[in-house]
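Peer 1: Could you work out the structure for the sequence below:
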Amino acid sequence: MRSLYFDVLKGVAIIAVVLYHLGVSEYGYLGVDIFLVFAGYITMSSVHCSTNSKFLIIGEKNFGECNGQVYMKRFSDDYYNQFVNMQPGYASKNKILKQLYPNNYVDLIEGVCNTEGKVRVFTDDGHFISQDCRHLTQAGAKFYANLINWNLFLSRHIKIICPNYFK
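Peer 2: Reported below is the predicted structural model:
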């Protein structure tokens, strides 16, 4: 996103700094701030524009409020079938991100939530998905890898990243 307007403003900022170093301008040092603001704006604008085609957005992850309550049921028959409440706000954040970036979004919660919005605690073979409600265990990572239809996922995203490859 190259703009003549921003190029001129950056040029004026550079000249102001040079004049400051020559002792001609008292406030020329402000040119550095002006230059950095414009350069940052242009950089972020270009990243935002390219987000729609080159990047994947990994969703918010939350694997429950507290898995400590799970241990209280350790002697029950349905111990490995437990679900816990997700912390408030995570589901709505994921929904918004999914709407903003429908082709680039990877939802980490959908695969472990039930219809009530509660998060699964254990994998099919009885291992914790997450012990601290934030990070996947090794078994949890394998569980997620098995949930994803990788062929569909990769073919959809490769087409977005390399559109000319499929022509």
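
Peer 1: tally of neighbours for Asp33?
Peer 2: A count of nearby residues for Asp33, using other C-beta atoms under 10 Å, gives 11. From N, CA and C alone the C-beta is placed, and that goes for glycine too.

Peer 1: by contact count, what packs against the strand or helix carrying Val8?
Peer 2: Take DSSP states H and E as the rule and Val8 turns out to sit in helix 4-21. Contacts defined by 3 or more C-beta pairs under 8 Å, 6 or more residues apart in numbering; DSSP states H and E place helix 4-21 against helix 30-54.

Peer 1: wait, what's in contact with Tyr20?
Peer 2: Contact analysis of Tyr20 by C-beta atoms under 8 Å, 6 or more residues apart in numbering lists 26-29, 31.

Peer 1: actually Pro102, not the one I typed
Peer 2: No contacts exist for Pro102 under C-beta under 8 Å, 6+ apart.

Peer 1: Would you agree it falls within a strand?
Peer 2: No. Using DSSP: H, G, I helix; E, B strand; the rest coil, the secondary structure at Pro102 is coil, not a strand.

Peer 1: hmm, back to that, and the furthest pair within the contacts of Tyr20?
Peer 2: Largest separation among the contacts of Tyr20 by C-beta to C-beta: Glu26 and Gly31, giving 12.0 Å.
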